[in-house]
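>>> How does the following fold in three dimensions:
(one chain, ligands or ions: 1)
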Amino acid sequence: MRPRIFKMDLDIDEIATDLGERLINDILEGSPIDAISAALEAGAPIWYQNQLEGISPLHAATYMQDLDLVKLLIEKGAVWNAVDYLKITAGDIALSYNNAAIYNVIRDAGIRSELLLGLLEKRPLADSSTTLILRDEDTTASGSSEAFLGSKLKYLVDDHGQDICMVHVGGEDVGVMMGWETDIMRETVQKMCNPHPNASHLKVLNVGFGLGIVDGFFQSLPNPPKEHVIIEAHPDVLAFMRAKGWYGKKGVKVLEGRWQDFIDSPELLGTGGFDAIYTDTFSEDYTDLHQFFEKLPDLLADGNSRFSFFNGLGATNAFFYDIYTHISELHLEGIGVEVTWSDVDVSFDAKDGRWGDSREYFTLPIYRLPIAKMKAL
Ligand SMILES: C[S@@+](CC[C@H](N)C(=O)[O-])C[C@H]1O[C@@H](n2cnc3c(N)ncnc32)[C@H](O)[C@@H]1O
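Reported below is the predicted structural model:
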């Protein structure tokens, strides 16, 4: 029996390879949609990625800019987030052709499938080599909260004078927070607090201190917050905060621990709600962010209160970044919170050595900054 089963497996592999290669070639040669549809009906594997470049039928149809075929393939279950050997998705190809119609079809398929599956499990690695980038499992300090909170952090200033908080992950340094994000943090505080009807007595909540950049901007407002709560979980960051005098600042209250430990506690719920809430953690994934979103109705003071978060998931690929941005908007909308987005140009120093030898976790030229508010009833 065994050799025969083995032989059958081989045959099936060969047939799938043959049909898959043929399917992709036919698409690239412009075969009519009816012929492609018939090939799929006859068993040509829609999931196949060719041997030469690792492209899928969806990549091929997108290269051909054939909207109807793209729709058909999506309808038949094409893998919307397959990446070829160069880590390019069909969405990236549509983007490079500036083909909005095809791009939207693929992006919406991605959004639907992620919403359906409910959860985007693990934060993607910049150098992921799997096909399913959004679901990459990462148990290191960059993707596992437990591993991160048990790791040693380094605070340093690089050759460009940039402040960095670093963690060492499997042979490489990863920035937990880097000085180049200062413009993002400045803009975020401006957009959350200026103007605000409670500007003279703001109540602010920030989750994740890092380098203290965003907290520094809150403190630099013309009227520093009346109450400024900071939740921080990492012992090395807490030591840094103590050394920099944050525990003694007027109005500042440091809650030592994970936000999950405090989210339902009287320390937060007893404040009567916050005027501005920001969250920017590390090693957490979209699932955690989504859980935080769901607590917002209890945490925001009123219709003037604003929420923002570091929108950095998927930020090494324009297509995945767009998917995360849309999914967060849809989830926030689902809990009655509406988001407006603005762009922050972060391309200015991209080639200016801001990464050094560390992992590049944000390689896009534009940061999409969210400002969210409870919808008026
Ligand atoms: C990217 S940094 C924040 C940077 C900050 N926005 C700034 O302007 O400098 C992330 C911070 O979140 C902290 N952190 C990670 N997971 C956390 C959690 N579950 N609860 C609270 N803090 C967390 C990390 O220790 C780190 O200090």
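>>> count of neighbours near the closest residue to residue 320 other than its chain neighbours?
Here the nearest residue to residue 320 in space, its sequence neighbours aside, is residue 314; by C-beta to C-beta, 6 or more residues apart in numbering that works out to 3.4 Å. Placement of C-beta: from N, CA and C, glycine included. Residue 314: 23 surrounding residues under other C-beta atoms under 10 Å.
>>> So residue 314 versus the ligand, what's the distance?
16 Å (C-beta to the nearest ligand atom, to the nearest Å).
>>> looking at this, that residue is in a strand?
No - counting by DSSP: H, G, I helix; E, B strand; the rest coil, residue 314 falls outside a strand, being coil.
>>> which ones are touching residue 325?
311, 341, 368, 370 (C-beta atoms under 8 Å, 6 or more residues apart in numbering).
>>> Sort out for me which of these are in strands.
Among the contacts of residue 325, the members found in strands (DSSP state E) are 341, 368, 370.
>>> Among those, which one has the most neighbours?
Counting by other C-beta under 10 Å, top hit in the ones in strands among the contacts of residue 325: residue 370 with 21 neighbours.
>>> Let me know the pLDDT of the residue nearest to residue 150 when sequence neighbours are not counted.
Once flanking residues are discounted, residue 150 sits nearest to residue 141: 7.8 Å by C-beta to C-beta, 6+ apart. Looking at residue 141, its pLDDT reads 87.
>>> So that it lines up with my notes, have the first residue be 37 from now on.
Done: numbering now begins at 37, and the last item shifts to residue 177.
>>> any idea how far residue 177 lies from residue 377?
Residue 177 is 30 Å from residue 377, where distance means C-beta to C-beta, to the nearest Å.
>>> what's in contact with the helix or strand containing residue 297?
In this structure, residue 297 sits in helix 295-298 according to DSSP states H and E. Contact partners of helix 295-298, identified using C-beta under 8 Å, 6+ apart, comprise 243-244, 267, 269, 291, 304, 315, 317, 324, 327-328.
>>> how about 6 Å then?
243, 267, 291, 304 (C-beta atoms under 6 Å, 6 or more residues apart in numbering).
>>> Kindly report the same for stretch 61-72.
Residues contacting stretch 61-72 (C-beta under 6 Å, 6+ apart): 93, 96-97, 104-105.
>>> Which of the residues you listed are buried, as a ChimeraX select command?
Command for ChimeraX, covering only those of the contacts of stretch 61-72 found buried under the criterion 16 or more other C-beta atoms under 10 Å:
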select :93,96,97,105
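>>> Closest to residue 138 out of the contacts of stretch 61-72?
Using C-beta to C-beta, residue 97 comes nearest to residue 138 of these, at 8.3 Å.
>>> I'd like the distance between the nearest residue to the closest one once chain neighbours are set aside and the ligand.
Excluding its sequence neighbours, the residue lying closest to residue 97 (C-beta to C-beta, 6+ apart) is residue 105, at 4.2 Å. Residue 105 is 42 Å from the ligand, where distance means C-beta to the nearest ligand atom.
>>> again, but for residue 230
Distance from residue 230 to the ligand, by C-beta to the nearest ligand atom: 17 Å.
>>> just residue 323 next, same as before
When residue 323 is compared with the ligand (using C-beta to the nearest ligand atom), they lie 12 Å apart.
>>> Am I right that residue 202 sits in a strand?
Yes - under three-state DSSP, residue 202 falls within a strand.
>>> Give me the nearest residue to the spatially most central residue of the chain, chain neighbours excluded.
Centroid check for the chain by C-alpha atoms, centre = their mean gives residue 349 as the closest residue, at 1.3 Å. With sequence-adjacent residues excluded and distances taken as C-beta to C-beta, 6+ apart, residue 349 is closest to residue 360, at 4.4 Å.
>>> so which helix or strand takes in the one you found?
Secondary structure from DSSP H and E places residue 360 in helix 354-370.
>>> got it, and residue 145?
helix 136-153.
>>> and that helix with helix 354-370, angle?
Angle between the axes of helix 136-153 and helix 354-370 is 60 degrees (criterion: axes from the mean of the first three to the mean of the last three C-alpha atoms, to 10 degrees).
>>> List every C-alpha atom in the next helix-or-strand element following helix 136-153, with coordinates, as PDB.
Later in the chain than helix 136-153, the nearest helix or strand by DSSP H and E is helix 181-185. Below are the C-alpha coordinates for helix 181-185, written out as PDB (Å, rounded to 0.1, in the frame of the first residue of the first chain):
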ATOM      1  CA  SER A 181       3.800  40.400  25.100                       C
ATOM      2  CA  GLU A 182       5.200  37.900  27.600                       C
ATOM      3  CA  ALA A 183       8.500  37.600  25.900                       C
ATOM      4  CA  PHE A 184       8.800  41.300  25.500                       C
ATOM      5  CA  LEU A 185       8.000  42.100  29.100                       C
END
